[in-house]
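# Okay, predicted coordinates and the sequence, questions at the end:
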2 protein chains.
Amino acid sequence: MSLVVQKFGGSSVADAESVKRVAKRIVSYRESGHDVVVVVSAMGDQTDDLIDLAQQVSPVPPPRELDMLLTAGERISMAVLAMAIANLGFEAQSFTGSQAGVITDESHGRARIIDVTPGRIRSALDDGNIAIVAGFQGVSQTAKNITTLGRGGSDTTAVALAAALNADVCEIYSDVDGVFTADPRIVPSARKIDRIGYEEMMEMAASGAKILMLRCVEYARRSGVPIHVRSSFSQHTGTWVTDAEIPEPFRTETLKESPVEQPIISGVAHDRSEAKLTIVGVPDVPGKAAEIFNLVAEQEINIDMIVQNISTRDPGRTDISFTLPMTDGGKAIEALEARKDTIGFDHLRYDDQIGKLSVVGDGMRSHPGVTATLFKALSDEEVNIDMISTSEIRISVVTRSENLDRAVRAAHRAYGLDSTEEEAVVYGGTGR
Amino acid sequence: MSLVVQKFGGSSVADAESVKRVAKRIVSYRESGHDVVVVVSAMGDQTDDLIDLAQQVSPVPPPRELDMLLTAGERISMAVLAMAIANLGFEAQSFTGSQAGVITDESHGRARIIDVTPGRIRSALDDGNIAIVAGFQGVSQTAKNITTLGRGGSDTTAVALAAALNADVCEIYSDVDGVFTADPRIVPSARKIDRIGYEEMMEMAASGAKILMLRCVEYARRSGVPIHVRSSFSQHTGTWVTDAEIPEPFRTETLKESPVEQPIISGVAHDRSEAKLTIVGVPDVPGKAAEIFNLVAEQEINIDMIVQNISTRDPGRTDISFTLPMTDGGKAIEALEARKDTIGFDHLRYDDQIGKLSVVGDGMRSHPGVTATLFKALSDEEVNIDMISTSEIRISVVTRSENLDRAVRAAHRAYGLDSTEEEAVVYGGTGR
């Protein structure tokens, strides 16, 4: 008997009707002979509503209490889902993160999973139950406080449970059919990817593809759990994220026929959530860059790309530019301005009208010329490149925000990712 | 330093504004030098809303899951209250029933507290925190499932915690000023009772006074915790429920001046929630009554008063009448009809237009004539008595429902409980 962990996001359980629909889906899976563990997010906008409520009593709620509050959301959805399943004549039991053995560190609001001890889940399965587990939450190892895992936390819960239970697959359900070669809202001819490796998926996630969070894919890679990203609104096969073979009971005709030779480029991701900060006129002496980036790191700001140039104003000085999450812009500026004299720079320039385009593909390792194709495509579209960074399987460029959509479409076309008309129908048939 | 447990009901924390008001009250108490543990119910109608949600997916939700769902209500209110307190510059930590060490039996929906092990609450207090505890919930001893305590459960949580922490007082806040000699909506001249013994309060609660549930007073009597019932909308002293002296730091001028001689009768309670079921024509042979009441007990129906008469139809047979909660009427009728032939009765008569009036007073033990006063008062009002039952400190009578208000007012007047005009102002000043 195979064991499947299925994760349903808030949009899949937005109201009582959706919960009943998801319950039917889970039950039909159980009927076909699989053991099933379900991880569920809070219903619809519940989490946002709870944050609103918190804001009404405190502009800066204590993180411990905010976590206690927010975890009520999954408590509601998991109990209601268990009821809906019981109403179809199956045994179901719900478990909080703490009951499911999701042990985290002490960082409220962005806790990391340290260990998963799913003894109660295993017993529930052995007793013939479908186990429903609250996503997004755990209990801290030392203080035994309730913690939340931060954005995309329910996906991480699902993968971590799948790993701890040695599940055959972790299915992540959302309202789209899988991972696409580009965001279909920008590139209508984008194609669903049938299968992608962990590392590529991590680069896609880090580059702005929103369907899976980086942490969740990292966790899956470490434990080797295959992820199947699919829609809760259709029965289509979605996207398999794995470096290994797709497990036998889940292999479909379509997947068997997929070409032996993988495409060089898997997809084009984009990200409009970053800003660029330029420190103008930094004295060109050793240690200055370290001083600056230590200061930024102290603020717990993740920086992405860095460029250093001879200053346009003074040849004895340099300009240092880096990109960072737009939401951290104010904090970075404040910290740097406070140390302006020590560092000795001239002034700061802040630009939040940038966009990042990333081309990801495992084939890059062995195929030269991939970069040249991108630059030619962008040049043909008269899109200017501002910054560049690369990894072994990714090229990212920063452009003006208003050129980003055009750049994404051009790159998608240049790498031959556009679907034929026939394939496009598949995506057209998705939707909610 | 004294320790106070304060319980706030759903109407006291109905929305963000009420929560902030309650937070200020708690903080001012903390500032005056008391350690404070707060027990809180779900906000406003949250529990009813959650029950509605459950009904939308399942007409008969599994009790384990219903408890899991409902406990989300207190999780929200306690976290929000802790945030509101933190926003006033005080340290506050919230705890679920399970975290607070409220251990119950395994009966979902009406669990009984077996033990309270408040180690985490004690530590939180020692660290200078105000501890906020979810009312109404606990964790079952064996299966470690989340349980709820049933109606009035938050009051029981508060008393149980007060007992386990050896608190000086358990304050129960609601939207009325205390326990009254009768329901002021029926008897406008009813007076607030300054002080009442546990046993009298238990009789009042069992007789329909809704301010405290029977279980909570029972628990307080066993552990000797003084309860102070008061309004969260005023600063007035409420009603003290205790057999001992009122603890020194809480003794007020008013209470010191209260008469040494206690009144014979403490109050008049009424109850319109019962129905009367008459089994007509039961064979008058030994064991028939036992057969009937065993059958009713198997349905987990609590019966209240019982009367047996020679049958009006057949002198060789008897009629047996008993009162039971109106909500159990259908269940009782169904069970009895199913065994009609075995028991051998003629037919059933069901009457839900009855009302019960109870006169409660510790003075009854030593004062004869109390019953006569009641019967005379009711006879003067031409109120017919249908059934009678008594305890050492209570007389209850059943009348027609439409005569109940008149009967309550007559009894209240006959025992000299009506307030003077001056006293009545105190009650007039209450309200929300």
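Yes, it's here. Numbering: from 1, shown residues only, chains lettered A, B, ... in the order given.

# Please make it C-alpha for all contacts and neighbour counts, starting now.
Fine.

# residues touching the spatially closest residue to residue A:117 that is not a sequence neighbour, list them.
Nearest non-adjacent residue to residue A:117, counting by CA to CA, 6 or more residues apart in numbering or on different chains: residue A:101, 4.5 Å away. Residues near residue A:101 by CA atoms under 8 Å, 6 or more residues apart in numbering or on different chains: A:115, A:116, A:117, A:118, A:119, A:120, A:138, A:139.

# Residue A:158 versus residue A:101, what's the distance?
Between residue A:101 and residue A:158 the computed distance is 12 Å (CA to CA, to the nearest Å).

# what does residue A:372 give?
Using CA to CA, we find residue A:372 at a distance of 40 Å from residue A:158.

# out of those two, which sits in the busier spot?
Set side by side, residue A:372 and residue A:158 show more neighbours around residue A:158, with 29 against 10, by other CA atoms under 10 Å in any protein chain shown.

# from what I can see the more buried one touches residue A:135, true?
Yes: Residue A:158 is within contact range of residue A:135, at 7.2 Å (criterion: CA atoms under 8 Å).

# list the residues that contact both of the two?
Listed contacts common to residue A:158 and residue A:135 are residue A:39; contacts here mean CA under 8 Å, 6+ apart.

# so what's residue A:396 up against?
Counting by CA under 8 Å, 6+ apart, residue A:396 makes contact with A:356, A:357, A:358, A:359, A:388, A:389, A:390.

# ditto for residue A:401
With contact taken as CA under 8 Å, 6+ apart, residue A:401 is in contact with A:272, A:353, A:354, A:355, A:356.

# If you rank the residues you listed by neighbours, which is first?
Result: residue A:356 is most packed of the contacts of residue A:401 (other CA under 10 Å), 27 neighbours.

# What strand or helix carries it?
Secondary structure assigned from DSSP states H and E places residue A:356 in strand A:354-360.

# what's in contact with that strand?
The contact list for strand A:354-360 (CA under 8 Å, 6+ apart) reads A:200, A:203-204, A:207, A:265-276, A:393-404, A:407-408, A:411.

# Not counting its neighbours along the chain, what's nearest residue A:373?
With CA to CA, 6+ apart as the measure, residue A:414 is the residue that lies nearest to residue A:373, at 6.9 Å, once sequence neighbours are left out.

# what's the neighbour count on that neighbour?
15.

# Dihedrals phi and psi, it?
Summarising the backbone geometry of residue A:414 under the convention degrees, to the nearest 10, its torsions are phi -60, psi -30.

# Was I right to think it contacts residue A:377?
Yes: between residue A:414 and residue A:377 a contact is recorded at 6.2 Å, counting by CA under 8 Å.

# Show me what whichever helix or strand residue A:37 is part of pairs with in its sheet, parallel or antiparallel.
Secondary structure here is read from DSSP H and E; on that basis residue A:37 sits in strand A:35-40. Each strand that pairs with strand A:35-40, with its direction, by DSSP bridges: strand A:3-8 (parallel), strand A:130-134 (parallel).

# And the helix or strand following that strand, what does it pack against?
From strand A:35-40 onward toward the C-terminus, using DSSP H and E, the following helix or strand is helix A:46-57. Taking 3 or more CA pairs under 8 Å, 6 or more residues apart in numbering or on different chains; DSSP states H and E as the contact definition, the neighbouring helices and strands of helix A:46-57 are helix A:63-86, helix B:16-31, helix B:63-86.

# Name the stretch from the ones you listed that approaches residue A:187 most closely.
helix A:63-86 (34.3 Å; CA to CA).

# Can you find the helix or strand of chain A with the lowest average pLDDT?
Every helix and strand of chain A was ranked by mean pLDDT, DSSP states H and E. The lowest is helix A:421-428, at a mean of 46.

# Could you check how far the residue of the stretch 201-350 of chain A found nearest chain B is from residue B:278?
Nearest residue of the stretch 201-350 of chain A to chain B, counting by CA to the nearest CA: residue A:232, 18.5 Å away. Plainly put, residue A:232 is 56 Å away from residue B:278 if you go by CA to CA.

# If you count surrounding residues, which of these two has more?
Per other CA under 10 Å, whichever of residue A:232 and residue B:278 has more neighbours is residue A:232, with 24 against 18.

# list the contacts for that one?
For residue A:232, the contacting residues are A:8, A:12, A:22, A:173, A:174, A:175, taking CA under 8 Å, 6+ apart as the criterion.

# make it 6 Å
Residue A:232 makes contacts with A:173, A:174, as judged by CA atoms under 6 Å, 6 or more residues apart in numbering or on different chains.

# what pLDDT does it get?
Confidence per residue is given as pLDDT, and for residue A:232 that number is 88.

# tell me the phi and psi of the residue at minimal distance from the centre of chain A?
Centroid-nearest residue in chain A, with CA atoms, centre = their mean: residue A:213, separated by 1.7 Å. The main-chain torsion angles of residue A:213 are listed as degrees, to the nearest 10 and equal phi -90, psi 150.

# OK, contacts around it?
For residue A:213, the set of contacting residues under the criterion of CA under 6 Å, 6+ apart consists of A:152, A:205.

# what do you get for residue A:78?
Residue A:78 makes contact with residue A:94 under the criterion CA under 6 Å, 6+ apart.

# And the one 4 residues further on, by the same measure?
Taking CA under 6 Å, 6+ apart as the definition of contact, the neighbours of residue A:82 are A:92, A:93.

# Tell me how far it lies from residue B:97.
Applying CA to CA to residue A:82 and residue B:97 gives a distance of 22 Å.

# again with residue A:122
In this structure, residue A:122 and residue B:97 are separated by 25 Å, where distance is defined by CA to CA.

# Of these two, which one has the most company?
A count of neighbours by other CA under 10 Å puts residue B:97 above the other of residue A:122 and residue B:97, at 27 against 15.

# Quick check, pLDDT for that one.
Listed pLDDT for residue B:97 reads 97.

# And it, which helix or strand is it part of?
When secondary structure is defined using DSSP H and E, no element contains residue B:97, which sits outside every helix and strand.

# tell me the SS of the nearest residue to it once chain neighbours are set aside?
Using CA to CA, 6+ apart and skipping the chain neighbours, the partner closest in space to residue B:97 is residue B:138 (4.4 Å). Assigned by DSSP: H, G, I helix; E, B strand; the rest coil, the conformation of residue B:138 is strand.

# Tally up the residues packed near residue B:138, please.
In terms of burial, residue B:138 registers 31 neighbours under the definition other CA under 10 Å.

# so what's it up against?
When contacts are taken as CA under 6 Å, 6+ apart, residue B:138 is in contact with B:97, B:98, B:102, B:103, B:146, B:147.

# Quick check, the third one in contact with residue B:116.
Yes: counting by CA atoms under 6 Å, residue B:102 does reach residue B:116; the two are 4.7 Å apart.

# closest to residue B:168 among the contacts of residue A:396?
Checking those against residue B:168 with CA to CA, the nearest one is residue A:356 at 63.7 Å.

# Beta-bridge partners for that closest one, please?
Per DSSP bridges, the residues bridged to residue A:356 are residue A:271, residue A:398.

# Can you tell me how far the residue nearest to residue A:117 is from chain B?
13 Å (CA to the nearest CA, to the nearest Å).

# And that residue, how close does it get to residue B:115?
If you go by CA to CA, the gap between residue A:101 and residue B:115 works out to 24 Å.

# Report the beta-bridge partners for the residue nearest to residue A:280 when sequence neighbours are not counted.
Counting by CA to CA, 6+ apart, the nearest residue to residue A:280 once its immediate chain neighbours are dropped is residue A:319, at 4.6 Å. Using DSSP bridges, the bridge partners assigned to residue A:319 are residue A:309.

# Look up how far residue A:197 lies from residue A:319.
From residue A:319 across to residue A:197, the span is 38 Å (CA to CA).

# repeat for residue A:277
Using CA to CA, residue A:277 is found at 33 Å from residue A:197.

# higher neighbour count, these two?
Each of residue A:277 and residue A:197 has its neighbours counted (other CA under 10 Å); residue A:277 has more, 21 against 18.
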